[in-house]
Structure formats: C-alpha cells, structure tokens
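Asks: Sequence below, structure please.
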Amino acid sequence: MNYPFAISKALKAFFLSVLVLTGALAQAQNTPYPNRNITFMVPFTSGTTADVLGRLLGTKLSERWGVGVVTENRTGVAGVLGSDAVAKAPPNGYMFLFTATSHGTVPATRSKMPYDPIKSFTPVMLLGTSAMCLLINPKVPAQNLKEFIELLKSQPGKLDYASPGNGGVQHLGTELFLQETGLRMEHVPYKGAAGAMTDLAGGHVQATLASLQTASSFINSGQLRPLAVMSDERSSAFPQIPSIRELGYPNLVVETWYGIMAPAGMPDDIVQKFNAELNAIMQLPEVKEAFAKQGVVLVGGKPDRLTQLLNREVPKWAKVVATGKIKIE
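Replies: Okay, the predicted model is just below:
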C-alpha cells in the first residue's frame, strides 16, 4: 500500500476542510448583524408585564429583521438567575436582558450578588415606567396625604402597611416614605399583590404602595382611597390624584420601570442599531396600545436614559435598606 500517497490525500482533505471552514466563518463575520436567532432573557414568570411586553417586542423585532427572537423565562432568586445568565453571555448582540424595577432593588437586599447591576451590563433602552400609588383603606380617618401623615405621627407604629413581599419596590418604596417623613408603620409582607390588596380592602392592614394598574379597580369601586401618585406628574388615567412632587415630596418618586440591557462590552454599533429599531417599533399603534393596557408609559430614546435611571435607582435602594437596617430572610 502506498502510505505516503494516502497521507498526502488525507492532508489535502484536511487543509481543504480548514479552508472551507475559514471561508464560512469569514462569510458569517461579514454578514450584517443580525444573522441568527436572538434571545430575550426574561427573569420573571410567564404572564408578568415584563414577559408580555418582551414577547411583543420580540415578535415585532423578528418580523422586521427576519430572524427568530426567542423569549426565555429563567426565574429564580427574584430575577437574579436570568440576569446572571445575560451578564455572563458573550457581548455579541444575540442575548439581551428584558428586566424591570427589581434589577435595582434586589442588590440592595443581598450581601452577595454574582454580578454588578450596573457594571456587568450595557444599557440599551429604558422602555417605559408605571406609576405607583399610595393607598389606604377608606376606614382610615384621613382624606389626604397631609391628614394621613398627621395620623401616623399621632400613632407611631400602630398602623400596618402591606406589600407583595420582602425586598420589592412596594416594600422599599414605603420604607423610603417612612424614612423621609420620620414616621413608623409595621410591615406585613404577603406572597403576592393579590393577597395584599384584598386584605387592605378588607381593613386587615391600613396602607400599601401599588401600581395604578393593580389598584385601578379598587380605586374606581371606592374600596381603596388613593392619597398620592408617587411620580413627578399626575397620571392621565387618574388625574384627580395629586402627584407626590406637587405635595412637596420630590424625593419620594417611586415608579416601576422596564428596560433592555445586554452583557457588558457590547459593541456600540450593535447597541445603536438595536436601540433605533426598538424606537421605531414602539411607535407602532398596536405596541402603544399594548403598553397602555399594561399601565406602562412609553419612554424610549437613547440608552443613556436607562444609564441615568440605574445610577439613581441602585444607590437609592441601597441607602433605604442600610438606613432601615432591613434584613431579607
């Protein structure tokens, strides 16, 4: 048998395969972004506002770019597991984090995090915000925020407030209110918003912070009394409720928010292309309608809007937790 000849043929085949592979890689690299499926990581359960909006934007993006956009729900540890997966993903434009308010609150309540909520990510867009509202049971003898504050001053620690759970924005937002006003209330955590709202309407607790969307039916039916929208301006859906800023408390603005981020180190050209496409999608009538149904006010714009928000939110909640000596079991 002619071994040298056989080896020569094998070497030729090997080098030919290398050349083919190299050519394929070069072609893939020269193909304009995107050229394969994109993943939206949603670190929350299916059916949540983040999940609904993430799937909607993913569908529209897929239609416009002609590539698949897969929404993956990776839940656990208040969103940390899904966020960590994105933080550790290659910054190549094929993995994005569709996150929300807890991205800023969770790090404040945990001594160890597998990622930095700011440094481990590249902001892409602040999609929208949703107003929170301070609500009380109508049997509480206070018709407005001023009277409620006076009542709390006269009965320190005697009234209870509900939240959907420890460490969430409702919990920390109420603690911010109490710290800024020098008041005291007892925290009663529930396993979700439904139980908190039901017990508040039933008079088992006296107050809570909730999104206007969650509270709307309770407000309209008179089951709960709104004292203030925790935002800079009044809500167009409930223009009769004063904003916390106009009542003289500009440091008490508390909103839920939704945004898209990528792993740290994402090339700026990809960030800008993705951001521009999202801005265009958010102008579609059906997208505007879907956001409105979820009680979310569109924001959009450049990535630095999300950067500025994160630079405010993360230290704000860290300070609230430290000042209140809040421990999450």
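Asks: drop to CA atoms for contacts and neighbour counts, all remaining ones
Replies: Will do.
Asks: what's in contact with stretch 214-226?
Replies: With contacts defined as CA atoms under 8 Å, 6 or more residues apart in numbering, stretch 214-226 is touched by 133, 134, 135, 136, 137, 138, 143, 197, 200, 201, 241.
Asks: try stretch 245-262
Replies: Under CA under 8 Å, 6+ apart, the answer for stretch 245-262 is 50, 86-87, 91, 93, 95-101, 121-132, 169, 173, 176-177, 180, 211, 230-233, 244, 306.
Asks: Confirm for me that residue 152 is in contact with residue 183.
Replies: Yes: between residue 152 and residue 183 there is a contact under CA atoms under 8 Å: 6.5 Å.
Asks: Give me the sheet partners of the lengthiest strand in the chain and which way each runs.
Replies: The longest strand of the chain (DSSP state E) is strand 121-136. According to DSSP bridges, strand 121-136 has the following sheet partners: strand 207-211 (antiparallel), strand 225-229 (antiparallel), strand 255-263 (antiparallel), strand 297-298 (antiparallel).
Asks: Of all the ones you listed, which one is nearest residue 58?
Replies: Of all the strands paired with strand 121-136, strand 255-263 sits nearest to residue 58, with 11.5 Å by CA to CA.
Asks: returning to that earlier point: could you dump the strands paired with strand 121-136 into CSV with mean neighbour count, mean pLDDT and distance to residue 148 added?
Replies: Output for the strands paired with strand 121-136, formatted as CSV (neighbours: other CA atoms under 10 Å; pLDDT from 0 to 100; distance: least, CA to CA, whole Å):
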stretch, mean neighbour count, mean pLDDT, distance to residue 148
strand 207-211, 26, 95, 10
strand 225-229, 25, 97, 8
strand 255-263, 24, 96, 21
strand 297-298, 18, 93, 28
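Asks: Among those, which comes closest to residue 62?
Replies: Closest to residue 62 of the strands paired with strand 121-136 is strand 255-263 (CA to CA; 16.0 Å).
Asks: how distant is that closest one from the center of its chain?
Replies: Centre-to-centre, strand 255-263 and its host chain are 5 Å apart (CA atoms, centre = their mean, to the nearest Å).
Asks: Restrict it to CA atoms and write it as CSV.
Replies: What follows is strand 255-263, C-alpha atoms only, in CSV (Å, rounded to 0.1, in the frame of the first residue of the first chain):
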residue,chain,number,x,y,z
GLU,A,255,-42.0,54.1,39.8
THR,A,256,-41.8,50.7,38.3
TRP,A,257,-39.7,50.6,35.1
TYR,A,258,-38.9,48.2,32.3
GLY,A,259,-35.7,48.2,30.3
ILE,A,260,-33.5,46.2,28.0
MET,A,261,-29.8,45.5,28.7
ALA,A,262,-27.0,43.5,27.1
PRO,A,263,-23.8,42.0,28.6
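Asks: Brilliant, that's me finished.
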